[in-house]
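Student: here you go, sequence then predicted model.
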Amino acid sequence: MRDAVVVATLEDAEALVAAHPGLTAVTGEGDVLSAHFAHGGSAGAPSLLEVQASVDEAAAELAELAVRCDELAEAQRLAGSGARSRPRSSRSWGSGGGRPSGRSRASPSSSGGSPGRPGRQRVRPSG
């Protein structure tokens, strides 16, 4: 297209054509405007590129969520099998209200656990 200028909005197109009647302005929405011609764009409907970008984004998010779901299912399976295979102890965790004292949650590096599976340190009651 000769003498065509891409502009952001229809208002910008109107201003450009008013100032330079020999130019044709084209908006990102697909509107085409010149001194003697006007053609409407997509009227709000997304372009094929926008639709494809949305599909690609949704597919990537779905893949990430599928991986996370698998990780959580495996963690749940391991937690369930670990609870059944370990005999319950009558030992107390101490005065920490069910958790080792001084910590709200043990991190894997500070409690001997492996990544993705935190370990716990037992506090033996004194006395």
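Tutor: Cool, got the structure.
Student: list the contacts of stretch 18-38.
Tutor: For stretch 18-38, contacts defined as C-beta atoms under 8 Å, 6 or more residues apart in numbering pick out 1, 3-10, 12-14, 16-17, 39-42, 47. C-beta here means a position set from N, CA and C on the backbone, and glycine is covered the same way.
Student: and it, how far apart are its ends?
Tutor: From its first residue to its last, stretch 18-38 covers 13 Å (C-alpha to C-alpha, to the nearest Å).
Student: check stretch 4-18 too.
Tutor: Stretch 4-18 end-to-end distance (C-alpha to C-alpha) = 14 Å.
Student: can you give me the helices in the protein?
Tutor: 10-19, 48-85, 108-111 (DSSP state H).
Student: give me whichever of those is most buried.
Tutor: helix 10-19 (a mean of 15; mean count of other C-beta atoms under 10 Å).
Student: can you flag the weakest of the helices of the chain by average pLDDT?
Tutor: Comparing mean pLDDT across those, the weakest is helix 108-111, with a mean of 45.
Student: want to throw the helices of the chain into CSV with distance to Ala35?
Tutor: Below are those laid out as CSV (distance: least, C-beta to C-beta, whole Å):
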stretch, distance to Ala35
helix 10-19, 6
helix 48-85, 29
helix 108-111, 69
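Student: separation between Asp3 and Leu23?
Tutor: Distance of Asp3 to Leu23, computed by C-beta to C-beta, to the nearest Å: 5 Å.
Student: same check, this time on His36
Tutor: His36 is 12 Å from Leu23, by C-beta to C-beta.
Student: then Val7?
Tutor: 10 Å.
Student: between those two, which contacts overlap?
Tutor: Leu16.
Student: looking at His36 and Leu23, which is more packed in?
Tutor: Leu23 (17 against 7; other C-beta atoms under 10 Å).
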